[in-house]
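> The following block contains a protein sequence and its predicted model.
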Amino acid sequence: MLGKIAFFVGSIISDYPAKTTRAIFENAKGKFNLDVFFSIGANGESYFHGESDKKVIHIPHLKNYTGIIIEPDSFCGQTVYEELVKKIEEEATCPVVSLRYRDDRFYNVLVDDYGAMECMVKHFIEVHKFKKICHMTGRLELLDARQRLDSYLNTMAKYNLPVTEHMIFEGNYWTDRGEAAVDWFLGNEGDSMPEAIVCANDY
């Protein structure tokens, strides 16, 4: 009899969670039965999307699973994630794997956020000879967003390039902050146009 894995992810309409889900399905074939729990709708910090995420995480009985995979940064805010963790701690007796988000209560599969951002900023400096490179962060309560910001700041400092107040904008890993970010980068009268804007993620 095949074991059962529960995969908790936010909206799979977004590109990255959709690809993650597809990859997990492919790798589970013939090895595990896979149940995917997700909300339908656009990502973003909205009350209704957050409530949708919360309802989804309470559907399964976690004691019935031999493994759990979670993608915390795809949920709508930290409160949804902490509610899921509370449920896991109360019900689950199996291994739990967290994707892209460090949580020492579980196993973690992480990427080199610092190195990736360093490569991007160095590319603009060394290949394109840019000096005014702005940065749009992710949600700064997330470790990966902070690591990407630190990498941007340290790389700019390594090349002796100044970073002023209007060169960093705090985003939320979603498209609804794009217009405000551009207004911020152009908001200081007399400032020159950015030569590049390096965002913490594709959206």
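Yep, that arrived.
> From here on, just use CA atoms for contacts and neighbour counts.
Fine.
> any idea how far Ala28 is from the residue most central in space within the chain?
Nearest to the geometric centre of the chain sits Asp73, at 4.2 Å (CA atoms, centre = their mean). As defined by CA to CA, to the nearest Å, Asp73 lies at a distance of 22 Å from Ala28.
> what is the mean pLDDT for stretch 103-123?
The average of the pLDDT scores along stretch 103-123 is 96.
> ditto for stretch 83-90
Model confidence over stretch 83-90, given as mean pLDDT, is 96.
> Flag every buried residue along it.
Of the residues in stretch 83-90, those scored as buried under the neighbour-count criterion (16 or more other CA atoms under 10 Å) are Leu84, Val85, Ile88.
> Now do it: everything it contacts.
The set of residues external to stretch 83-90 that reach it, using CA atoms under 8 Å, 6 or more residues apart in numbering, is Lys54, Ile57, His58, Leu62.
> Now tell me which helix or strand of the chain has the poorest mean pLDDT.
Every helix and strand of the chain was ranked by mean pLDDT, DSSP states H and E. The lowest is helix 47-57, at a mean of 67.
> re earlier: neighbours of the closest residue to the residue nearest to the centre of the chain other than its chain neighbours, just the number please.
Excluding its sequence neighbours, the residue lying closest to Asp73 (CA to CA, 6 or more residues apart in numbering) is Tyr101, at 6.8 Å. Tyr101 sits with 19 neighbouring residues when counted by other CA atoms under 10 Å.
> residue contacts, Tyr101?
Tyr101 sits in contact with Glu71, Pro72, Asp73, Asn108, Val109, Leu110, Leu142, Leu143, Asp144, where contact means CA under 8 Å, 6+ apart.
> number of nearby residues for Leu2?
As a burial measure, Leu2 scores 10 neighbours (other CA under 10 Å).
> Quick check: bridge partners of the closest residue to it other than its chain neighbours?
Ranked by CA to CA, 6+ apart and with sequence neighbours excluded, the top spatial neighbour of Leu2 is Phe32, at 5.1 Å. Judged by DSSP bridges, the bridge partners of Phe32 are Gly3.
> Distance check, Phe32 against Ile57.
Using CA to CA, we find Phe32 at a distance of 20 Å from Ile57.
> so how far is Pro194 from Phe124?
Phe124 sits 12 Å away from Pro194, taking CA to CA as the criterion.
> Now do the shared contacts for those two.
Contacts common to Phe124 and Pro194, judged by CA under 8 Å, 6+ apart, are Ile133.
> What about the closest residue to Ile12 other than its chain neighbours, how many residues nearby?
The shortest distance from Ile12 to any non-neighbouring residue, by CA to CA, 6+ apart, is to Ala18 (4.8 Å). Burial measure for Ala18: 14 neighbouring residues, criterion other CA under 10 Å.
> any idea which element Ala18 lies in?
With elements taken from DSSP states H and E, the one containing Ala18 is helix 15-28.
> hmm, who's touching that helix?
Under the criterion CA under 8 Å, 6+ apart, residues Val9, Gly10, Ser11, Ile12, Leu34, Val36, Ser74 lie in contact with helix 15-28.
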